[in-house]
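J.: this is a predicted model, with the sequence first.
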Amino acid sequence: MKAVWIENIGSFIYGNIAMPTPAIGEALVKVTVTGLCRTDLKIIRVGHRDLTLPRVPGEEVIGTVVALGSETSDIKIGQRVYIYPGISCGACKQCKNGAGNLCISMKIMGFHRDGGFAEYVVAPLQSLNIVPPEISDDEAILTEPLSCCLNAIELAAIKEGDKVGIWGAGPAGTLLSRASKALGAKTVIIEKDLRRRLVAEGHEKLNCNDLDAAFVAVGDKDAYLEAIGGLGPRGKLVVFSGLAKNDSSILVDFNHLHYVEQTIVGAYGCSYRHGVTALKMIAAGQVEVKDMISHKMPLAELEAALCLVERREGMKILLYP
Ligand SMILES: [Zn+2]
């Protein structure tokens with residue numbers, strides 16, 4: 001089958017590899033569409049903490065089940081599925097506390113096991129989620145990015161009437177805004193890039209102070225400093241984007257946090273249940289995603305697609321194997 005894989009950090013290969021075979025408890029999924037995100041750019045160009053090589057990347061996958069490793073399964077051949085990219089143990093403290101994304105033995109598709117930048121991918125049955133008939137494969141691809149946003153929103157405990165600031169109007173920032181609005185919050189997007197600012201819906205004339213929550217969806221220290229400065233009493237800063245590996249420290253006034261009871265919380269990835277909710281929200285039209293798809297390209301044109309992400313051009317890029 002055709003696939004993209006990484007052997008050495010800094011480059012990738014596009015060619016033919018053997019078709020994977022599903023073991024008991026797994027399904028073979030024919031990939032219809034895979035989403036490209038900034039993390040893919042990072043893992044290919046500079047590597048990632050969780051990446052093991054060689055690896056087929058791709059953690060945003062929608063496809064059709066074409067073979068099963070077990071005779072009996074709730075999932076049937078021919079069903080359209082969203083693959084939750086993580087495999088968590090279900091038994092460790094984090095898993096039991098609903099943070100499967102922080103499982104001590106977490107294995108992520110596209111990082112620890114082969115992902116969706118290929119014609120076929122093998123996935124555990126427990127990771128599969130049936131795509132509702134009312135949404136297209138292209139729309140369903142936003143399930144994984146939205147799931148990560150829902151995890152962040154949960155950690156910030158966003159509720160109706162909250163004032164939320166979002167730094168960065170890329171796909172993640174836009175989804176954070178739309179999902180917060182779906183929960184009844186008022187949002188303002190802070191984006192340096194005019195092109196992106198025009199696409200995002202931060203047009204409300206809100207100022208960026210007295211925020212109940214601030215999400216930083218751009219790997220930029222200045223954005224973090226601005227976001228902390230914009231928090232009101234009991235405001236929560238959500239660390240959604242990582243910073244450069246060798247430059248990830250920020251000076252914060254702890255006395256200020258103390259006196260106005262502010263919180264800084266990290267957010268990384270998503271748990272299975274966030275995918276269930278994300279699919280429902282997209283299917284119900286609570287979070288619009290169709291207008292976020294800016295490019296549809298063949299997987300073979302991955303290099304050109306990566307350059308678009310690098311230059312922050314376009315929004316969501318979809319790849320077809
Ligand atoms: Zn676990």
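T.: Received it, and whenever you're ready, just let me know what you need. The shown structure was predicted, so the numbers you read here are calculated from the model rather than taken from an experiment. Residues are numbered from 1 along each chain as shown.

J.: secondary structure class for Arg312?
T.: coil (DSSP: H, G, I helix; E, B strand; the rest coil).

J.: so it touches Gly170, yeah?
T.: Yes: Arg312 is within contact range of Gly170, at 6.9 Å (criterion: Cβ atoms under 8 Å). C-betas here are computed from N, CA, C, even on glycine.

J.: tell me which of those two has more neighbours.
T.: Gly170 (25 against 16; other Cβ atoms under 10 Å).

J.: give the contact list for the more buried one.
T.: By Cβ atoms under 8 Å, 6 or more residues apart in numbering, Gly170 lies in contact with Arg38, Arg196, Ala217, Val218, Arg312, Met315.

J.: ditto for Glu261
T.: Contacts for Glu261 (Cβ under 8 Å, 6+ apart) come out as Pro233, Arg234.

J.: dihedrals phi and psi, it?
T.: phi 50, psi 50 (degrees, to the nearest 10).

J.: so Ile104 sits right up against Gly90, yeah?
T.: No: Ile104 lies out of contact with Gly90 (Cβ under 8 Å); the separation is 11.4 Å.

J.: most neighbours out of the contacts of Gly170, which is it?
T.: Result: Ala217 is most packed of those (other Cβ under 10 Å), 28 neighbours.

J.: gap between that residue and the ion?
T.: Noted for Ala217: a distance of 27 Å to the ion, by Cβ to the ion, to the nearest Å.

J.: before we move on, what about Glu310?
T.: 34 Å.

J.: count the residues that sit near that residue.
T.: If we define neighbours as other Cβ under 10 Å, then Glu310 has 11 of them.

J.: cool, and Ile228?
T.: 20.

J.: per-residue confidence at it?
T.: With respect to pLDDT, Ile228 has a value of 96.

J.: show me the contacts for it.
T.: Going by Cβ under 8 Å, 6+ apart, the list of residues near Ile228 reads Ala214, Leu237, Val252, Gln262, Ile264.

J.: and the residue of the stretch 201-321 of the chain that's closest to the ion?
T.: Closest to the ion within the stretch 201-321 of the chain is Ser271: 10.4 Å, counting by Cβ to the ion.

J.: with adjacent residues omitted, what lies nearest to that residue?
T.: Using Cβ to Cβ, 6 or more residues apart in numbering and skipping residues adjacent in sequence, the residue nearest Ser271 is Gly100, 4.1 Å away.
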